[in-house]
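Asker: One predicted model, sequence on top.
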Amino acid sequence: MVYQYAFFQNALMAGILAAIACGVIGSYVVVKRLVFISGGISHAAFGGIGLGLFLGYNPLLTAILFSVFSSSVLGIISKKAYQREDTLIGAMWAIGMAFGIFMIYQTPGYVPDLSSYLFGNILTVSRTDISIMIVLNVIIALIVFVRYNEFLAFSFDEEFSEVTNVPVMRTYIVLLSLVALTVVVLVSVVGIILAMALLTLPAATASLFTNSFKKMILFSTLIGVAYMIMGIAMSFFLNQPSGATIVLVSGISYLGLLGIKSLINK
Amino acid sequence: MKQEIIKLEKVSFDYGDNRVLEDITLTVYDDDFLGIIGPNGGGKSTLLKLILGLLTPTEGNILLFNKSPQEGRKYVGYVPQYTLVDRNFPINVEQVVLSGRIGQTDFLRRYSEKDRKIAEKSMDIMGIKEIKNTQIGKLSGGQLQRVLIARALSTEPKLLLLDEPTANIDVQAETNFYDFLHGLSEKMAIILVTHDTGAISSHVKTIGCINKTLHYHGEKSIPPKVFEKLYGCPIELIGHGIPHRVLKEHSD
C-alpha cells in the first residue's frame, strides 16, 4: 500500500507539521489582519531560497534567516512609515522575489526545479526538511505558549497595549518573524506562492465555528490537518500537483462552509 | 493640595506639513473632570495621543504625572472609541477586561490571582459580570463601552481618559453614563474628549475647547459674553435640563 512508502510517510508528516504551524500562526494572521504583509514575507522568502542555492546551503536554512530578517525590516518600515505602508510591502515583496531569481541565475551548474519552491512538492520532502520543520514548529509553539496573553492583547488592541507599556514594536516583529518561520515550514508543502492560502484558509474556516481565540487555534490546526490529508490523498490518487491540490481543497471547503453558514444565518 | 497631573507647555504637532495643533498650554489637576470639545479634525485625538505618548510633539513639552508621557501613562486608564473596536475578534468580555492588566504581568505575561480579582472588581463596578463570557461582537454599543471602561479601570488608573465615549449612545444611556462618570470622578481625574457637545456641559466640571489651538479652558459657568468671545468652535452647547445655549461661529 502507498502509505508504507517512505516518501508518502514524509509527505503526510510534512503536511501535519505545516497544518500545526498554520493553525497557530494563521489564526493571528487572520484576526490581526496581517494577510497582505504575510504575502510580502512569504514572497520575500524566495530571496533566501535563491541565496541558499547559490551558496550551496540547504535553501530552507537560508530562507529562515532571510525571511526573519526581511519580516523585521517590513515590521519596522510598516510602523515607521505613516503613509503608503502597502506600497513599501509591495516593494519588499517584489525585491525579495527578484533577488531570489537573480541569485539562482548566478548559480553555476545544476539548479533544482524552481517550481517545487514556488508551488511546493510534498512528495519530494526529505528527512532533513522534516527535521527543520519539526524544530521550527517547536520554536513557534514555544513562543506562542509563553507570549499568548501578550499576543492576544496586542492583536486585539495595539494602541491600548502600547499605553499599558507592552513593547508593541518588539511584539509585532516577533509575530511577523513567526509568520516568516511558518512560511519556511510551508515552502516544501505548498511553496512560496501558495503559502498565503494555508496561512489564511484553515484559520478563516475555524473562525466560522468559534468565538474563542484558543478554540480558533485548535480548530484551525485540526481543519488544516484535514485539508492536508484530503489534498495529499487527492493529489496522489488523481496524480495532480500536491501544492495546488491542497490549496484547492482548502479554498473550496472554506468557501463552501462560508456559503452554508451564511445561508443558515439568514 | 491639588497636584498637577498633566502639563502641556507650548505644544505643537505637525502631520507632515500640516499643523494639527498649535501652541497648546494646558494644566490638568488631580481632581479635574475636564471635557474637551471641538469639531472633527480639530486635533482632539492628536492631543490624546500626545498625552499618551503615542505621538511626540513637534514643539513643546509634555509632562504626565511629572514624568515623560511614556512613563506617566501607566497611571492612565485609556478608553478608546468603542466604534473602532474590531467586533469580529474572537475574544470575550472577561479576556478584554483582564487585558488591562497586561502591563503589570510577569515575564511570561500570565495573569495572577490578583489580576483576576482586579478585573472582577472592574466588571462589578461596570455591571458587566453577567456577560463576562460573551464574545464582544454580541454586545450592544453601550455594553461594549462599559467593557472598555472596565478594561481601563483594571489598570488601576489615577486618570481616566475617554475618547468620544457617547458617540451613538441614546440620550437616556448618555445621562446614566455621565452620572456614573460623576461618581468615578470622586476617585480619579477624568478627561473626556468629544465632538458631540450634547450633555457634556452640564456634567463636567471644566471645559476645554480645541480647534487647532486651545480656545478656552476653564469653568463652564462663565458669563455668556466672555463665553461667546472665548469659545472659538463652531458648535452649539445644549445641556439636558438646562437652558439651551447656542453659540455663534468663530469670527476667524
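Answerer: Thanks, I have it.

Asker: where does the residue of chain B positioned farthest from its centre land in three-state SS?
Answerer: Each residue of chain B has a distance to the centre, and by CA atoms, centre = their mean the biggest one is for B:Leu108: 30.5 Å. Per DSSP: H, G, I helix; E, B strand; the rest coil, the secondary structure class of B:Leu108 is coil.

Asker: mind checking how far it is from B:Asp115?
Answerer: From B:Leu108 across to B:Asp115, the span is 13 Å (CB to CB, to the nearest Å). Just so you know, the C-beta spots here come from the backbone N, C-alpha and C atoms, and that holds for glycine as well.

Asker: do A:Leu136 as well
Answerer: Between A:Leu136 and B:Asp115 the distance, using CB to CB, works out to 32 Å.

Asker: higher neighbour count, those two?
Answerer: Between A:Leu136 and B:Asp115, counted using other CB atoms under 10 Å in any protein chain shown, A:Leu136 has the larger neighbour count: 21 against 18.

Asker: Verify the stated contact: that one with A:Leu181.
Answerer: Yes: contact criterion CB atoms under 8 Å: A:Leu136 and A:Leu181 qualify, at 4.9 Å.

Asker: State the phi and psi torsions of residue 216.
Answerer: Here I'm looking at chain A. Geometry field for A:Met216 lists phi and psi as phi -60, psi -40, criterion degrees, to the nearest 10.

Asker: Chain B, not that one
Answerer: phi -160, psi 140.

Asker: Could you give the bridge partners of it?
Answerer: Taking DSSP bridges, one finds B:Cys209 as the beta-bridge partners of B:Tyr216.

Asker: Go ahead and confirm it touches B:Ile37.
Answerer: No: with contact defined as CB under 8 Å, B:Tyr216 does not reach B:Ile37; the gap is 9.7 Å.

Asker: Looking at the two now, which is surrounded by more residues?
Answerer: Using other CB under 10 Å, the more surrounded residue of B:Tyr216 and B:Ile37 is B:Ile37, with 26 against 19.

Asker: closest point of the stretch 151-252 of chain B to chain A, which residue?
Answerer: The nearest approach of the stretch 151-252 of chain B to chain A comes at B:Thr155, 6.2 Å away (CB to the nearest CB).

Asker: Spell out which residues belonging to the stretch 151-266 of chain A are near chain B, please.
Answerer: Counting by CB under 8 Å from any CB of the partner chain, the residues of the stretch 151-266 of chain A lying close to chain B are A:152-153, A:155-157, A:159-166, A:207, A:210-213, A:215-216.

Asker: One more pass at 10 Å, please.
Answerer: Within the stretch 151-266 of chain A, the residues that sit near chain B (CB under 10 Å from any CB of the partner chain) are A:151-157, A:159-166, A:168, A:206-207, A:210-217.

Asker: can you give me the helices in the stretch 51-200 of chain A?
Answerer: A:59-80, A:85-106, A:115-119, A:127-156, A:158-163, A:168-207 (DSSP state H, counting those that start in this stretch).

Asker: oh, I was asking about chain B
Answerer: Assigned helices in chain B, in chain order: B:44-51, B:69-72, B:93-98, B:113-126, B:141-153, B:171-184, B:200-203, B:224-230 (criterion: DSSP state H).

Asker: I'd like the distance from the residue nearest to the spatial centre of chain B to A:Lys261, if you could.
Answerer: The central residue of chain B, meaning the one whose C-alpha is nearest the mean C-alpha position (CA atoms, centre = their mean), is B:Leu162 at 2.0 Å. Taken as CB to CB, the spacing of B:Leu162 relative to A:Lys261 amounts to 36 Å.

Asker: before we move on, what about A:Gln106?
Answerer: Looking at A:Gln106 against A:Lys261, where the rule is CB to CB, the gap reads 50 Å.

Asker: Sketch out the low-pLDDT regions of chain B for me.
Answerer: Per-residue confidence for chain B (pLDDT under 70) gives these ranges: B:168-169, B:196-201, B:220-252.

Asker: What about residue 34, how many residues nearby?
Answerer: No chain specified, so I'll use chain A. 22.

Asker: You answered for a different chain; I wanted chain B.
Answerer: Other residues within reach of B:Leu34 by the criterion other CB under 10 Å amount to 20.

Asker: residues contacting it?
Answerer: With contact taken as CB atoms under 10 Å, 6 or more residues apart in numbering or on different chains, B:Leu34 is in contact with B:6, B:26, B:28, B:185, B:189-193, B:204-208, B:217.

Asker: redo that, cut-off 7 Å
Answerer: With contact set as CB atoms under 7 Å, 6 or more residues apart in numbering or on different chains, B:Leu34 has these partners: B:Val28, B:Ile191, B:Val204, B:Thr206, B:Gly208.
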